[in-house]
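1. mind folding the following:
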Amino acid sequence: ALMRDQLEHLNNRFNIPAAAINSDQDELDNDRARRMAANGQLKVLFVAPEQLDHVDRFDFLLNLHVSLVVVDEAHCISTWGHDFRPSYRQIVNYIQAIQSKNSEVKILGLTATANSITEEDIKQQLSTMRPIKVMRASMDRPNISLSSFTCEAIPEKLEACHQLVKQLMGCGLIYCATRENTTIVAEYLQEKGIKATGYHAGLPPETKRNLQRQFINDEYQVMAATNALGMGIDKPNLRYIIHFDIPGSITAYYQEVGRSGRDGKQARGILLYHSKDIKIQKHFIQSAQPSLKDFQEVLEVISNAEIPQKITQIKMATGKHPTIITVILAELVEQGFVQKKSQNGSQVYMRTEKTGMPNLQRYERQLETRSCELDAMVNYAIEKNVCRMGILRQALGDSEVQPCGQCCICKATELVIDRQSPAALHASKWLEQRVVPLQEAKMNKLSQGVALLNGQYRSPTFVAFMKNRANTSMVDLGLPEELKNLLFHHAEILAKHAPVQAIVPVPSRTWGARDAIASLLANHLGIPVLTDLLQWRQLPAARQGELLNNDQRKHNVQHLMTCTSPSLLDMSGILLLDDYIGSGVTLREAARALRKEGCFRGAMTPLVLAQVKWRLGTSGMI
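-> Residues are numbered from 1 along each chain as shown. Model (predicted):
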């Protein structure tokens, strides 16, 4: 989002030729940017840190004629570089390498959020050949009024967002910790008649570009977004920032709330706090916190492999959380235990001759630091006596701080949340009945379908279904009337938007009521059910829930399903029926079998009774 925004200004507003290289663009755009950079046609080239993590791309950037290296959001190389995006650590390696080629290359680090500790860390990392001069300004944002409200649960937060947006003027951002929450918030506000949309990193690149453009142009009143729309989004007339979930640190909160009021006019920053939100941030911390055992297991996989391993192979072999693998590999390369090389355009990892075990003191300090940062953010949320802007400013390095005079501590806020409103009860019911859209980007070659129940909320209907799904008959299953009505209703909706001429159940060794429910739905829609069209050629070695990450789950079912009667598929569309979806790889395998072995060219629309979230790095569902 930051790159798109600044490219627009440089090329169209200032007539400065600029381009970008990042994974959000297709390779044609990236290749064009590389050619222009190599030919000297650019004044500015934006590069995502991950580009430095690949040896071929690192070498390309090292061979460009560069006079200035700018590290935007420079606090990332200190506070985030060791876990969230290990590629940030490659920035320092690049600076050292390019300055060794040309000592005249200048370095500029920019950040709006660096306390004294972070400042010293940035200086230490960037002072490779010359001392770094520091210019610091006040962290005060006198035009932003800060407030915090305690909410008891997600339904109450949803209704709080609705009530706040109705009271506030102009456009606003609602920050969420997860992609799913951005969709939930946007849908709820849409249902209330508010022009709202959601934005997160998992959306297709073209969709993200369009959403950003439309939001900048005031086509939406509200955008619910993850921090994928965080740094640098330049919309001067943002009048408010609402945090639906608590951020992991004051640094992150200041960054995000600081998106508002950039035109100098009055703006608001509002935090909705629920004590259970802390679990999300603790999960983020733990998912990036490797142990010595984790390092040993990754080293063992790389050492014992007959050929150099790609990162996907390492993830599959170890079963660890993908973030943990990324962190470990970056650390092993940095400490010299592993070497990365380019092999036919792919990056592979090989063991070096270095012995011993890596130094993990960094991660011990990191865990302590991040836990303290989260504690500080929680204290900000529940503080009843100290100026909120003052808390932020002191945490970020301002030594002399006076009360701001306008936060909810310094003066009573006129914003009101009616917790007894009937709409609050409506929000709870709405959330329970809300179906989960299955995006085409995730499903790959499948039309957009839905899951009827969201396992995240453990509704009575969800619990009853998951408990009884192994029963073999509809009588034994006792399919709740509410779920049956949802099934019929949304099957009808899907059939209106895509051709549906038959129901194809996905094979399952544990869904006892599969055939009974498929027949029930087929009778309701008046179409046939092709019960045995998809079968397991060979049963997967394990149940998906027993595996440890999605790479293992993909390998577990890949190429094991077969389409038995291609001649039956001379139709324009089918409804793929399954009991629940986690990673989505089983449905994608069903689509592969129908396309490749069944030669089916029609539309395939998934209808799933429940969505669950698998744990990563350990078995079971969240």
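
2. next SSE downstream of the helix or strand hosting Glu120?
-> When secondary structure is defined by DSSP states H and E, Glu120 falls within helix 116-126. Proceeding N to C from helix 116-126, the next assigned helix or strand is strand 144-150, under DSSP H and E.

3. sketch out the low-pLDDT regions of the stretch 1-150 of the chain for me.
-> Applying pLDDT under 70 to the stretch 1-150 of the chain picks out residues 79-85.

4. for it, which segments are assigned as helices?
-> Using DSSP state H, counting those that start in this stretch, the helices assigned to the stretch 1-150 of the chain run over residues 2-8, 27-38, 55-62, 89-101, 116-126.

5. before we move on, what about the stretch 301-450 of the chain?
-> 311-318, 322-334, 361-382, 388-395, 422-433, 440-443.

6. list the buried residues for the helix holding Glu120?
-> Thr118, Glu119, Asp121, Ile122, Lys123, Gln125, Leu126 (16 or more other CB atoms under 10 Å). The way it works is simple: take the backbone N, C-alpha and C, and place the C-beta from them, glycine included.

7. from Pro507, how far off is the fifth one?
-> By that I understand Lys123. Lys123 sits 60 Å away from Pro507 when distances are taken as CB to CB, to the nearest Å.

8. how about the contacts made by Ile154?
-> Contacts were defined as CB atoms under 8 Å, 6 or more residues apart in numbering; by that measure Ile154 touches Ile184, His274, Leu431, Tyr457.

9. for those residues, which one is nearest Ala451?
-> Distances from those to Ala451 were compared by CB to CB; the smallest belongs to Tyr457, at 12.4 Å.

10. the closest one contacts Leu431, doesn't it?
-> Yes: applying CB atoms under 8 Å as the test, Tyr457 and Leu431 come out as touching, 6.4 Å apart.

11. ok, the two, which is more surrounded?
-> More crowded of Tyr457 and Leu431, by other CB atoms under 10 Å: Leu431, with 19 against 14.

12. how about that one: what's its closest non-neighbour residue?
-> Pro155 (5.5 Å; CB to CB, 6 or more residues apart in numbering).

13. I figured the one you found hits Ala423, correct?
-> No: between Pro155 and Ala423 there is no contact under CB under 8 Å: 9.7 Å.

14. which of these two has more neighbours?
-> Applying other CB under 10 Å to Pro155 and Ala423 shows that Pro155 carries more neighbours, namely 21 against 15.

15. and that one, what's its pLDDT?
-> We have a pLDDT of 91 for Pro155.

16. in a strand, it, correct?
-> No: counting by DSSP: H, G, I helix; E, B strand; the rest coil, Pro155 is not found in a strand; it is helix.

17. tell me which residues touch it, please.
-> Counted by CB under 8 Å, 6+ apart, Pro155 has contacts Ala424, Ala427, Ser428, Trp430, Leu431.

18. Val69 too?
-> Shown in contact with Val69 (CB under 8 Å, 6+ apart): Tyr94, Ile95, Ile98, Val105, Lys106, Ile107, Leu108.

19. just checking: what are the partner strands of the host helix or strand of Leu607?
-> Leu607 is part of strand 603-611, with elements assigned from DSSP H and E. If you go by DSSP bridges, strand 603-611 pairs up with strand 449-454 (parallel), strand 573-581 (parallel).

20. now those in TSV, with distance to Arg13?
-> Output for the strands paired with strand 603-611, formatted as TSV (distance: least, CB to CB, whole Å):
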stretch	distance to Arg13
strand 449-454	42
strand 573-581	45
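
21. same list, these, but as CSV with mean neighbour count please.
-> Putting the strands paired with strand 603-611 into CSV (neighbours: other CB atoms under 10 Å) gives the following:
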stretch, mean neighbour count
strand 449-454, 23
strand 573-581, 23
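
22. so which of those strands comes closest to Gly345?
-> The minimum distance between Gly345 and the strands paired with strand 603-611 falls on strand 573-581, with 32.7 Å, by CB to CB.

23. which residues does the closest residue to Ala160 other than its chain neighbours contact?
-> The spatially closest residue to Ala160, leaving aside those adjacent along the chain, is Ile417, at 4.9 Å (CB to CB, 6+ apart). By CB under 8 Å, 6+ apart, the contact set of Ile417 is Phe149, Glu159, Ala160, Gln163, Leu164.

24. average pLDDT across the strand holding Leu607?
-> According to the model, strand 603-611 has a mean pLDDT of 94.

25. and what of stretch 252-261?
-> In this model, stretch 252-261 carries a mean pLDDT of 92.

26. stretch 211-231 now?
-> On average, the pLDDT along stretch 211-231 is 90.

27. still on that earlier bit, got a list of contacts for the helix holding Glu120?
-> 71, 74-75, 77-79, 92, 95, 107, 109, 111, 114, 132, 134, 136, 251, 397.

28. and what of stretch 585-598?
-> Outside stretch 585-598, the residues within contact range by CB under 8 Å, 6+ apart are 443-446, 504, 506, 533-534, 544, 550, 553-554, 556-563, 565-566, 569, 574, 576, 578, 581, 600-601, 604, 606, 608.

29. give the ChimeraX command for selecting the buried subset of those.
-> For anyone working in ChimeraX, the buried entries among the contacts of stretch 585-598, judged by 16+ other CB under 10 Å, can be selected with:
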select :443,446,504,506,533,534,544,550,553,554,556,557,560,561,562,563,569,574,576,578,581,600,604,606,608
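
30. could you measure from Val301 over to Asp26?
-> When CB to CB is the yardstick, Val301 and Asp26 sit 32 Å from each other.

31. appreciated, that's everything.
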